[in-house]
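Participant: Quick one, what's the 3D model for this:
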Amino acid sequence: MKIATWNVNSINVRIPHLVEWARSAEPDVICLQETKCVDENFPLTVINELGYEAAFFGQKSYNGVAILSKFPIDDVEKGFPDDDDEAPKRLIAATIGGVRVVNTYIPNGTELGTDKFQFKLDWLQRLRRYFEESCSKDADVLLCGDFNVAMDEIDVWSVAQWEGKLHFTKTERAAMHYVKQWGFNDLFRSLHPDSREFSWWNYREGAWQRDQGLRIDYIWTSASLAKRARSCEIDRYPRGLEKPSDHAPVIAEFA
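Facilitator: Model prediction:
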C-alpha cells in the first residue's frame, strides 16, 4: 500500500496538479492539508473519477484536511474528541486496510511569543494525549501531514539562518519530539539517515530555485508499521509546476 501526504495549499486551485500527480505516482491513500475548502465545495466528483473515495473536514481559508483512498475508509474521526464547532479543521483520522491513518495540519504559530504560538504548543500537547487515549502502540498507526516544524538540523537548508526562528525553535522541536516519543518512527529519516532533503520552499527569494527549504512534511509510523516499510520519498516534481503548492508530496510504500 502506498500512502502519501501533501499540503496542496488549496485543493480547488491545485486540482489539476493533484490529478496529474495521482495518475503518475498512483498512491493508494492521499492525505491532504490546507484544502481551504468548505465541505460543500470539495471536488468530490473529480476525486471519485480518479478512483478514490474521500473523507474531508473543510474550512474556507487556511485550514482543512482530507483523506482520499482507493480502499474503503472506515471509522472516520474529525478533530479532537473534545473540539467544539468553532475549532479549526486540522485533524482527520480513519482506518484503511487495517492502518489507523491520522492526518494533521499542525498550527503554524505565526510569530514567537504570541497567543498563536502558544496555541501551537498546546495543540501538540493535545495531539500526544490523543494518541495516548485513542491508539495502541502495538497497532499499525500512521501520523502524517504538514507539521510546521523542522525536527533536526539536517532538515533545514541553513541552521545559522533558521536557528531560533519559527518552525525551528527549541520549544517547537521539543514539543514535536514529545509527540514522537509516543512510539513513532520518522520513516523518511529512518530510511535516509544522512539525506538533506526538503519538502517546503518559500515562494519568495528564489528559495525553490536555490533549494533553500525545510523538511516539515512527515510520515511517522508505529514500530509494527515501520517494519513493513519499503520506501519513503519526497517527490519534488509537483513543486516545479506552474503556480504550485509551496510543499512537495511525501510518499511511503508498505508491504
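Participant: Contact partners for the residue nearest to the spatial centre of the chain?
Facilitator: Nearest residue to the geometric centre of the chain (CA atoms, centre = their mean): Gly145, 0.9 Å. Contact partners of Gly145, counting by CB atoms under 8 Å, 6 or more residues apart in numbering, are 5, 7, 31, 33, 65, 103-106, 217-218. In this view, the C-beta of every residue, glycine as well, is placed from N, C-alpha and C.
Participant: Next, give phi and psi for it.
Facilitator: Backbone torsions for Gly145, taken as degrees, to the nearest 10, come to phi 140, psi -170.
Participant: Next one: it, what pLDDT does it get?
Facilitator: Among the per-residue scores, Gly145 shows a pLDDT of 98.
Participant: For it, list each beta-bridge partner.
Facilitator: Beta-bridge partners recorded for Gly145 (DSSP bridges): Thr104, Tyr218.
Participant: Tell me how far it lies from Arg204.
Facilitator: 23 Å (CB to CB, to the nearest Å).
Participant: now Glu133
Facilitator: 40 Å.
Participant: Next: Asp194.
Facilitator: 29 Å.
Participant: where do the helices sit along the stretch 101-250 of the chain?
Facilitator: Along the stretch 101-250 of the chain, the segments classed as helices by DSSP state H, counting those that start in this stretch run 115-134, 159-162, 170-180, 187-191, 207-210, 223-226.
Participant: any chance of those helices in CSV, plus distance to Phe80?
Facilitator: Formatted as CSV, these follow (distance: least, CB to CB, whole Å):
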stretch, distance to Phe80
helix 115-134, 6
helix 159-162, 29
helix 170-180, 13
helix 187-191, 24
helix 207-210, 33
helix 223-226, 22
